[in-house]
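[1] Provided below for reference: sequence and predicted model.
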Amino acid sequence: MKKTIFAAVAATAMVVGTAASAATLNFVGSGGTDNSQVLSNFDISGVPGLADGTEIAVINGADKNSSNGLFVDGEGEISVTYTYLGSEAGFDNYGAIIGNSPTRTFQNYSDGFASESNVDDVAFGTQLAGAIDLIFQTARDNGPDDQIANQGGASPASENFAIGYFMVNPNYYVLMFDDLTGSNTDRDFDDLVIGVQVSAVPLPASSLLLLAGVGGLAAMKRRKKA
Ligand SMILES: [Ca+2]
Ligand SMILES: [Ca+2]
Ligand SMILES: [Ca+2]
């Protein structure tokens, strides 16, 4: 009887683990005015395949809409790991994961925010299938910060702001913020660079606890018998 229950729990846990095993990233960039660009003056090293001459996907703040951006596909809760990869910028830039609080998760430390707390090189989150929750912002001394979000919307809605997207593999993309063009044009996409990695959430903690509980009960019964 107990063996049957244990086997059923173990089988359920395996099914849950299998169902959550696929999590992939998918970039959508339809309708943009500058859908791609070949990198030049890119000064962040260490990302395989990403260097001057690499063609990246691009969306700017003037043609952004909520159907574009980087999306994650998968079943149930999906783990997302955000990694700060570098920055070359004259402005104070930061990247924020919308679901996190406080919001300034990554920054380029150029000045002003050096004392900001809760800023780190790696951040972890979980989410359901849908748009990745990342925004890039340029801090201003006066007025609201200018920003562009992965999942749609830029403020102001200007081509001054753009995000570059580069696929390392179907589970890992690099998102590259370009903070200003116009009179300061460089479009080098290295003003704040964040890696986004997704994976299925491993065997749910609740299933592991259940297994441990069943095991513990069995052990207790054995001890009582002894
Ligand atoms: Ca550069
Ligand atoms: Ca730039
Ligand atoms: Ca730059």
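    Yep, that arrived. Ligands and ions are numbered 1, 2, ... in the order given.
[2] which parts of stretch 27-42 are buried?
    Residues of stretch 27-42 classed as buried by neighbour count (16 or more other Cβ atoms under 10 Å): 27, 28, 29, 32, 37, 39, 42. From N, CA and C alone the C-beta is placed, and that goes for glycine too.
[3] Identify the residues contacting residue 194.
    Listed by Cβ atoms under 8 Å, 6 or more residues apart in numbering, the contact partners of residue 194 are 82, 83, 84, 85, 95, 106, 134, 174, 175, 177.
[4] Quick check: it vs ligand 1, distance?
    16 Å (Cβ to the ion, to the nearest Å).
[5] And that residue, what's its pLDDT?
    The per-residue pLDDT reported for residue 194 equals 93.
[6] Tabulate the buried residues of stretch 27-42 in JSON lines, adding columns for distance to residue 194 and pLDDT.
    Shown next, in JSON lines, are the buried residues of stretch 27-42 (distance: Cβ to Cβ, whole Å; pLDDT from 0 to 100):
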{"residue": "27", "distance to residue 194": "14", "pLDDT": "92"}
{"residue": "28", "distance to residue 194": "18", "pLDDT": "89"}
{"residue": "29", "distance to residue 194": "18", "pLDDT": "82"}
{"residue": "32", "distance to residue 194": "20", "pLDDT": "61"}
{"residue": "37", "distance to residue 194": "18", "pLDDT": "92"}
{"residue": "39", "distance to residue 194": "16", "pLDDT": "96"}
{"residue": "42", "distance to residue 194": "15", "pLDDT": "96"}
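[7] got those residues as TSV, with distance to residue 189 and secondary structure columns?
    Formatted as TSV, the buried residues of stretch 27-42 follow (distance: Cβ to Cβ, whole Å; DSSP: H, G, I helix; E, B strand; the rest coil):
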residue	distance to residue 189	secondary structure
27	15	strand
28	19	strand
29	14	coil
32	15	coil
37	8	strand
39	6	coil
42	6	coil
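[8] which among those residues gets closest to ligand 2?
    Using Cβ to the ion, residue 42 is the member of the buried residues of stretch 27-42 that sits closest to ligand 2, with 9.8 Å.
[9] tell me the contacts of that closest one?
    50, 51, 52, 54, 188, 189, 190.
[10] Just to check, the fourth one is in contact with residue 40?
    If I follow you right, that is residue 54. No. If you go by Cβ atoms under 8 Å, residue 54 and residue 40 don't touch, sitting 9.8 Å apart.
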